[in-house]
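Participant: Here you go, sequence then predicted model.
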Amino acid sequence: MLNSKELFARRAQRTRSALRRKSTGMVRLSVFRSSKNIYAQLIDDDNGVTLVAASSLEKELRDALKTGADKVAAEAVGKLVAERALEKGLSKVVFDRGGYRFHGRVKALADSAREAGLKF
């Protein structure tokens, strides 16, 4: 029987392999959610490079937010990563939710990134 970490890794791998088939060279918006913070990165898988990153640990967000582990923080991170992506000229991405379900903080991050101008 697999433990929860192995099941999570399996779900994440299944998500990424489906994205790899469909994305055809687009940049991937990857989300990591911990119990205390949320992180987002735009990754170019062809070159193996992180192009843009944002998290709830950044100074301007940390001062403005009550905690890094709620929907408000996720919305702020989504908006910040979208602004930084648009500055670099990246507007089309594929959303990688990893092994997480698309609800709560992950959904809030995705919705705010869409509102800020990213298309996925």
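Facilitator: It's in.

Participant: Every contact and neighbour count from this point should use C-alpha atoms.
Facilitator: OK.

Participant: I'd say Ala73 and Ala54 touch.
Facilitator: No - Ala73 is beyond contact range of Ala54, at 11.2 Å (criterion: CA atoms under 8 Å).

Participant: can you tell me which helix in this structure is longest?
Facilitator: helix 4-23 (DSSP state H).

Participant: Can you mark which positions in the very next helix or strand once past it are buried?
Facilitator: Next in sequence after helix 4-23, counting helices and strands by DSSP states H and E, comes strand 27-33. For strand 27-33, a neighbour-count test (16 or more other CA atoms under 10 Å) marks 27-33 as buried.

Participant: Tell me how many other residues surround the residue nearest to Lys71 when sequence neighbours are not counted.
Facilitator: Excluding its sequence neighbours, the residue lying closest to Lys71 (CA to CA, 6 or more residues apart in numbering) is Arg105, at 4.9 Å. By other CA atoms under 10 Å, the residues close to Arg105 number 21.

Participant: Got phi/psi on Arg105?
Facilitator: Backbone geometry at Arg105, expressed as degrees, to the nearest 10, gives phi -70, psi -40.

Participant: Name the helix or strand for the closest residue to Ala82 other than its chain neighbours, please.
Facilitator: Excluding its sequence neighbours, the residue lying closest to Ala82 (CA to CA, 6+ apart) is Ala113, at 5.2 Å. Element membership of Ala113 [criterion: DSSP H and E] is helix 105-115.

Participant: okay, Ala73 and Ala54: which has more neighbours?
Facilitator: Counted by other CA under 10 Å, Ala73 and Ala54 do not tie: Ala73 has more neighbours, with 26 against 21.

Participant: so what pLDDT did the more buried one get?
Facilitator: For Ala73, the pLDDT comes out at 97.

Participant: And the residue nearest to Leu118 when sequence neighbours are not counted, its phi and psi?
Facilitator: Nearest non-adjacent residue to Leu118, counting by CA to CA, 6+ apart: Ser91, 5.0 Å away. Main-chain dihedrals, Ser91, degrees, to the nearest 10: phi -120, psi -30.
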